[in-house]
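Novice: Give me a model of this one.
(one chain, ligands or ions: 1)
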Amino acid sequence: MTKSYQNTQLPFEEGQLSETAFFNDVLDLFMGFRSGHVSKYIYEAPEDSLSERTDEKVLWGAIIEEGQTPYYLPKADNELLCRARQDLVGLVPSSTPVVDFGVGDIESFVKHALPVLKALKSDYYVGIDFCEAYLERIQKRYNADQKIKIVTVCDDFFEPQIKTVTPVPALGLMTCSTIGNIHGTLHDSHYDANLSRALRILARLTNHGWLLASLDTNQDAARLYQGYQTELLARLFLTVFRRIPVELGSIGFDPSLFVYEPEWHPELQLFAHMARATAAQDFRLGDYRLHIAKGQKFHLLNSYKFEASFFEACCDKAGLAVQQVWHHETPMKLYLLKDKACRL
Ligand SMILES: C[S@@+](CC[C@H](N)C(=O)[O-])C[C@H]1O[C@@H](n2cnc3c(N)ncnc32)[C@H](O)[C@@H]1O
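Specialist: Presented below is the predicted three-dimensional model:
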């Protein structure tokens, strides 16, 4: 039997609600069992749920448009990638497959991944993202392209279900400092081991090839706050709350009672994306009655801002050699890392 709440016709049977990953992840967030783990529900704005039933637009595409955000990251990332593409041919064998860690929207694919494929004369692309909507859009638009074989994998690349996605060593591509999105709480003292472990997992997924990864090394609190505290980014990070009444049929939950309030934790090199409740509220999520107090904070996801020397030490521990670094006038850097086990 389908239950109907005030304004929402739920798209699932009673009882199924508590089985969805979104339901459990949201419950963990509100109950404080886990933190920094809801990025999946922030990047993704599935066309068939949010966009149709609310007025949502795909936000990531807008963010990577230069000039849309005062923070230098998307523009610097793009400039570094343009420079690196010219040098790549001498550093990575021609025809090497490309594994895109964090596909993003079509705009990202066209702007970042496609030119790398062309530079390497590669005809094999594997896009990994935990947001299915992004993968579907790439498949819809490009799988008729006979020149490139497009494979998409819906998985969490920091905690993947699979071991590798390519039969031969590939070039992993990780743009927009996505490496800074590794999981971790506000209390992790072993974040160096956490980073090394993530790098080792990525190397394994590329079948021990290369990783071209950008890194934002900014340690300047004022510049970080100024760059991130914009209306567009606040809207992006608060997406998770707007999805709750639409997709989970919560009763009495008001997503407008949160503001985006990031925190810089220099001791962890972590810029944590946080939300603060502007008022108390009581609501129901499935069978659970929940209370949020005014001022309560929720840790949504991470943007670690690793210093270059720290990052390089972690690469070394993960068995990755720094083959080349492209520097930018901002604190952005682009690393080409090579698995020490790679024989090519
Ligand atoms: C910062 S965006 C970058 C997108 C794109 N590469 C670009 O340069 O515009 C990060 C992307 O990685 C995905 N992502 C982040 N963490 C992930 C994870 N642990 N597993 C799978 N996908 C992840 C997000 O869904 C998003 O598409």
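Novice: What is the burial count for the residue in the stretch 151-300 of the chain positioned nearest to the ligand?
Specialist: Across the stretch 151-300 of the chain, no residue is closer to the ligand than residue 175, which sits at 3.5 Å (C-beta to the nearest ligand atom). Using the backbone N, CA and C atoms, a C-beta is placed for each residue, glycine as well. Residues within reach of residue 175, counting by other C-beta atoms under 10 Å, total 26.
Novice: Helices of the protein, start to end?
Specialist: According to DSSP state H, the chain carries its helices in the segments 21-31, 40-43, 52-53, 59-64, 73-91, 106-108, 114-119, 132-142, 191-205, 221-228, 231-237, 239-248, 308-317.
Novice: Adding mean neighbour count, mean pLDDT and distance to residue 156, write those out as TSV.
Specialist: Shown next, in TSV, are the helices of the chain (neighbours: other C-beta atoms under 10 Å; pLDDT from 0 to 100; distance: least, C-beta to C-beta, whole Å):
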stretch	mean neighbour count	mean pLDDT	distance to residue 156
helix 21-31	17	94	10
helix 40-43	21	86	8
helix 52-53	13	42	26
helix 59-64	19	67	17
helix 73-91	17	94	22
helix 106-108	18	86	18
helix 114-119	18	95	23
helix 132-142	17	86	12
helix 191-205	20	96	10
helix 221-228	15	95	23
helix 231-237	17	89	19
helix 239-248	21	90	16
helix 308-317	17	98	20
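Novice: got the phi/psi numbers for the residue of the stretch 151-300 of the chain closest to the ligand?
Specialist: phi -100, psi 180 (degrees, to the nearest 10).
Novice: wait, isn't it in contact with residue 108?
Specialist: Yes. In this structure residue 175 lies within contact range of residue 108 using C-beta atoms under 8 Å: 7.3 Å.
Novice: hang on, the earlier thing: and the helices of the chain as JSON lines, adding distance to the ligand?
Specialist: Shown next, in JSON lines, are the helices of the chain (distance: least, C-beta to the nearest ligand atom, whole Å):
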{"stretch": "helix 21-31", "distance to the ligand": "13"}
{"stretch": "helix 40-43", "distance to the ligand": "4"}
{"stretch": "helix 52-53", "distance to the ligand": "20"}
{"stretch": "helix 59-64", "distance to the ligand": "5"}
{"stretch": "helix 73-91", "distance to the ligand": "7"}
{"stretch": "helix 106-108", "distance to the ligand": "3"}
{"stretch": "helix 114-119", "distance to the ligand": "11"}
{"stretch": "helix 132-142", "distance to the ligand": "5"}
{"stretch": "helix 191-205", "distance to the ligand": "9"}
{"stretch": "helix 221-228", "distance to the ligand": "13"}
{"stretch": "helix 231-237", "distance to the ligand": "10"}
{"stretch": "helix 239-248", "distance to the ligand": "11"}
{"stretch": "helix 308-317", "distance to the ligand": "17"}
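Novice: Need the pLDDT of the residue of the stretch 151-300 of the chain closest to the ligand.
Specialist: Looking at residue 175, its pLDDT is 96.
Novice: same thing with residue 277?
Specialist: Reported pLDDT for residue 277: 98.
Novice: distance of residue 202 from residue 310?
Specialist: Residue 202 sits 17 Å away from residue 310, going by C-beta to C-beta, to the nearest Å.
Novice: typo on my end, it should be residue 294
Specialist: Taking C-beta to C-beta, one finds residue 294 at 37 Å from residue 310.
Novice: Which parts of the chain belong to which domain?
Specialist: 13-43+250-304, 64-217+308-339 (automatic domain parsing).
Novice: deepest of those domains, which one?
Specialist: Of all these, domain 64-217+308-339 carries the top mean neighbour count, a mean of 19, counting by mean count of other C-beta atoms under 10 Å.
Novice: wait, doesn't residue 170 sit right on residue 208?
Specialist: No. Using C-beta under 8 Å, residue 170 is not in contact with residue 208, being 9.3 Å away.
Novice: hmm, back to that, got the contact list for the residue nearest to the residue of the stretch 151-300 of the chain closest to the ligand when sequence neighbours are not counted?
Specialist: Spatial nearest neighbour of residue 175, excluding adjacent residues (C-beta to C-beta, 6 or more residues apart in numbering): residue 112 at 4.9 Å. Residues near residue 112 by C-beta atoms under 8 Å, 6 or more residues apart in numbering: 78, 81, 100, 104, 173, 175.
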